[in-house]
Structures are given as structure tokens and as C-alpha cells.
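Trainee: Following is a predicted model, sequence given first.
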Amino acid sequence: MAKATPISLFEQTQSIWVKTTLLLTSTLTVMAGATIAPSLPAMQDYFAQVPGAAYLVRLALTLPALAIALGAPFVGVAIDRLGRKPLLLVSLVLYGLAGSSGFFLPSLGGILVGRALLGLSVAGIMTTATTLIADYYSGPTRAQFLGLQAGAMGLGGVLFLSLGGFLADGNWRSPFLIYALALLLVPAVAQLLPEPQRNRRGAAANTTPQPFPKTIVILTYGVALISQIVFYLIPTQLPFYLQQLVDAGPSQSGLAIALATLFAATSSLLYRQIKARLGFVAIYGLAFIHLALGYGIISQAAGYGLVLLGLAIAGLGLGLLMPNMNLCLSTVTPDALRGRVLSGITTCLFLGQFLSPLISQPISSFVGLATTYGIAAGLMVLLNLGAGGLLWRWR
């Protein structure tokens, strides 16, 4: 009797269910902080008797980002040595349990511990999901899927931020339950996602020396860090800027932030078409000039409408950065090092989110929020000039 022909990894990963599972898993990463943001005022009132409550409650929003930044390098090593799928399954379970723990835990300290564990799980999910995409697909298909991933994350951010606000109207603890949705993905990941063959042998088994693109990796990490420091001027400072500018309330601020996220998702979904016409450096330049123009408009805006215009333009630029960074590194990095290198992107992105208010708050206190956005626009112009210089050098 003839033996059945083994199904290749390519054939296994063409299923719509495999692709949907990867995209849904990726959307979980944007829930880490934004989901509970609408709960913070009521949460602070509840823990008003706790010393330092005002600071600790805000720390609940940013602590996951710090945990992600610190944990991602270790996750990257584990991915390459132990395999992608086992770590993703563990991360999903930890995400569901740690994330939803805030609904049940009575103390603020306990909630903060849960938030730190949530951050570690996000480091695992984000890095393994992106690494699996790079393992499963190549060429234009990889570019398209990384664009879809970034787009799904953007749309997920809009959805989860809105849902968190709706649930927080009833009880400040309710948004924590959204994190339990991750547990529904565990069976799908276990059944549908194949483990790439090379990871079963372990990265250590590969003794053939492979070149490491150090310069490209360092430059990409720098772009990831700076872009997130600049982007997080929107969620951390825009509500205060709009309040000063037009006396905007929470709903107007939420709409403005969601608009930037929506336009970022739109450009991410168009990434494959753009990549077919432009190289990596040219796309960086295109993204930087959109961010510069958008933040420049925000800094000079006299009303709510112009701020929305600036946010839309900046969002278009932001949406090109994530898939461009991931595709660039996954293309030039040896397979045996891919998990570790892509984990560095995760570290830089979330370290940028954590550092953004620490950097922007002293600047805005000294020169004002409008000038702060103008400084960010100027920084993006400098990065655009740098991208132009690289294009001229490599022509």
C-alpha cells in the first residue's frame, strides 16, 4: 500500500482558519493597556485610601509595556530554542488568567502583579505570532500578511478601546474580563497552527555560520523606539491638548485617538501594494513625512477639525512602519535567529511606549503641548532626511 504523501508546511498554512487564528492572536497585543484606560478614574476613586493611588493606578496602564520590553529578549531566545507553538500556548493561557485577574483581585498591589504578568504574556504572543508569520510565508505573501497583521491590530485597538469604555460605564472592573477572550483561542492554536520543522530540532542544532545583518537590525530597532515615543504623544497627551484647545471631553478625545488608529490600520492593509512599488528605505521615508506633516498640523491647529486631519495623516504614516520593520528584519535575518531578532522589535516598541510620557511630560511642561507636537514633527523631518540620505547613498 502506497504511503501517504506528507503535507508540506506551505500547504498546512494556506487555510483561512490558520490565517484567521494568527490575526486574532495578534489583535490581543493591542489590548494590554488601552482596554482598561476608561476605567482609570473610577479605579482611582475606589483605591483613594491607598498611599500613592494616583501614581499606582496610572502605573497599571503602563506597567505591561515595561514588562513586555524587559521580557521580550528572553522570549526571543525561548522561541528559537524551544519552539514557537508551545510558547504561544503558554502565553495565551497566562494572558487570559493574568489579564482578567483585575476583575477578581481585591488589592491594587495584586492588580499590578497581574498587569506585569500580562505584559510578559504579550511579549510571548506578539513575538511568536510575528515569527510564525515569517516562518509560514515568504515574498509578497509575507508582505501582505504582515500588513494584514498590523491592520488587524489597529482595528482591534479601536474595537477593544470602545468596548472597554462601554463596560467601564457599568463597573470599572468589567473591562478586565475582556482579556479572558484569549482562552478561546487556545484550542484553535493547538489544533490549527503547525510547528515549523526547524524549531523541533532546536536552533542549537544548526552549526552552519550565518551572516548577521547588525547594521540593519540596529537601525530598525532605533526606528521602532523613536516611532513609538512619538506615536504615544497621541494617547498620553492628546486628551489634555484637546481640553486646552477646545475644551474637549472624553468622548471627543476617544474619537480622535480611534481615528488615528483607524487610518493606521488602513495604510497597513495597503502595505503589500506599496511594497510592490517601493523599497524598505523609501517606505520609511514615506512614513516619516506623513508623521511629520500630521504632527505639524496638530501643533498649529486652531480647532478640533484640524487636529483630526493631522491625526489621520499621522496615522497613515504610522501604519506603514510596523509591517515594514517586521518584513525587513524577517527577510534579512537567518532562520535560526529570527525569534530573537523579532523579539527586539517588541522590546523597542513597548519601551518606547513606556518612555514616551517620561520624555514628553517635562518637555510639554516647559514649552507647552503645541510646541511638543512641533518638536516631534521636526524629529520626523530629520528621520525623513536620513532615509533620503540612505537612498542617495545606495542608489
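Mentor: Thanks, I have it.
Trainee: Against residue 214, how distant is residue 292?
Mentor: Note on residue 292: its distance to residue 214, by CB to CB, to the nearest Å, is 28 Å. In this view, the C-beta of every residue, glycine as well, is placed from N, C-alpha and C.
Trainee: what do you get for residue 371?
Mentor: 37 Å.
Trainee: So residue 292 and residue 214 - more neighbours on which side?
Mentor: residue 292 (23 against 8; other CB atoms under 10 Å).
Trainee: Please give the element, helix or strand, for the closest residue to the more buried one other than its chain neighbours.
Mentor: Excluding the flanking residues, the one nearest residue 292 by CB to CB, 6 or more residues apart in numbering is residue 380, at 3.7 Å. For residue 380, the element it lies in under DSSP states H and E is helix 369-393.
Trainee: From the rest of the structure, what touches that helix?
Mentor: By CB atoms under 8 Å, 6 or more residues apart in numbering, the surrounding residues in contact with helix 369-393 are 223, 226, 230, 233, 237, 240-241, 244, 281-282, 284-285, 288-289, 291-296, 298-300, 317, 360, 363-364, 367.
Trainee: From these, which land in helices?
Mentor: If you go by DSSP state H, the contacts of helix 369-393 have 223, 226, 230, 233, 237, 240-241, 244, 281-282, 284-285, 288-289, 291-296, 298-300, 317, 360, 363-364, 367 in helices.
Trainee: Pull out the buried members of these.
Mentor: Those of the ones in helices among the contacts of helix 369-393 that meet the buried threshold are 223, 226, 230, 233, 237, 241, 281-282, 284-285, 288-289, 291-296, 298-299, 317, 360, 363-364, by 16 or more other CB atoms under 10 Å.
Trainee: where exactly do the helices run in the stretch 101-250 of the chain?
Mentor: 108-136, 139-168, 185-192, 197-201, 214-231, 233-246, 250-269 (DSSP state H, counting those that start in this stretch).
Trainee: most packed of those helices?
Mentor: Highest mean neighbour count of the helices of the stretch 101-250 of the chain: helix 108-136, a mean of 24 (counted as mean count of other CB atoms under 10 Å).
Trainee: shaky segments in the protein?
Mentor: Scanning the chain with the threshold set as pLDDT under 70 gives 1-12, 34, 198-211, 250-251, 391-395.
Trainee: Pop the domain breakdown of it in here.
Mentor: 7-198, 212-395 (automatic domain parsing).
Trainee: I'd like the distance from residue 247 to residue 299, if you could.
Mentor: 19 Å.
Trainee: for residue 268, same thing?
Mentor: With distances taken as CB to CB, residue 268 is found 25 Å from residue 299.
Trainee: Correct me if wrong: residue 338 contacts residue 134.
Mentor: Yes - the pair residue 338 / residue 134 is scored as a contact, 5.9 Å apart, by CB atoms under 8 Å.
Trainee: Which residues are in contact with each of these two?
Mentor: residue 330.
Trainee: tell me the contacts of residue 76?
Mentor: 127, 339, 340, 341, 342, 343, 344, 346 are the contacts of residue 76 under CB under 8 Å, 6+ apart.
Trainee: Mind putting these into CSV with distance to residue 121?
Mentor: Putting the contacts of residue 76 into CSV (distance: CB to CB, whole Å) gives the following:
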residue, distance to residue 121
127, 11
339, 16
340, 19
341, 21
342, 17
343, 14
344, 18
346, 12
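Trainee: between those, which has the most around it?
Mentor: Counting neighbours by other CB under 10 Å, the top entry in the contacts of residue 76 is residue 127, with 33 neighbours.
Trainee: From residue 91, how far off is the residue nearest to residue 270 when sequence neighbours are not counted?
Mentor: Closest residue to residue 270 apart from its sequence neighbours, by CB to CB, 6+ apart: residue 147 at 7.1 Å. Per CB to CB, residue 147 is found 23 Å from residue 91.
Trainee: Also residue 105?
Mentor: Residue 105 is 20 Å from residue 91, by CB to CB.
Trainee: These two: which is more packed in?
Mentor: Using other CB under 10 Å, the more surrounded residue of residue 105 and residue 91 is residue 91, with 25 against 16.
Trainee: So that one is in contact with residue 121, correct?
Mentor: Yes - counting by CB under 8 Å, residue 121 is a contact partner of residue 91 at 4.7 Å.
Trainee: and residue 51, which of the three is it?
Mentor: What DSSP: H, G, I helix; E, B strand; the rest coil gives for residue 51 is coil.
Trainee: Would you list the phi and psi of it?
Mentor: Per-residue torsions, residue 51: phi -60, psi 130 (degrees, to the nearest 10).
Trainee: How about residue 46?
Mentor: Per degrees, to the nearest 10, the backbone of residue 46 is at phi -70, psi -40.
Trainee: hang on, it packs against residue 172?
Mentor: Yes - using CB under 8 Å, residue 46 is in contact with residue 172, at 6.5 Å.
Trainee: So for the two, which residue has more residues nearby?
Mentor: residue 172 (21 against 15).
Trainee: Excluding chain neighbours, what is closest to the more buried one?
Mentor: Excluding its sequence neighbours, the residue lying closest to residue 172 (CB to CB, 6+ apart) is residue 42, at 3.7 Å.
Trainee: list the contacts for residue 185?
Mentor: So residue 185 contacts 21, 24, 25, 28, 92 (CB under 8 Å, 6+ apart).
Trainee: what's the distance between the second one and residue 13?
Mentor: It refers to residue 24. Using CB to CB, residue 24 is found at 15 Å from residue 13.
Trainee: more crowded one of those two?
Mentor: residue 13 (21 against 18).
Trainee: burial count for residue 348?
Mentor: Neighbours of residue 348 using other CB under 10 Å come to 23.
Trainee: Identify the residue nearest it in space, chain neighbours excluded?
Mentor: Nearest non-adjacent residue to residue 348 (CB to CB, 6+ apart): residue 224, at 3.8 Å.
Trainee: Would you mark the buried spots in the helix or strand hosting the residue nearest to residue 172?
Mentor: Counting by DSSP H and E, the element that carries residue 42 is helix 40-46. Residues 40, 43, 44 are the ones in helix 40-46 that count as buried (16+ other CB under 10 Å).
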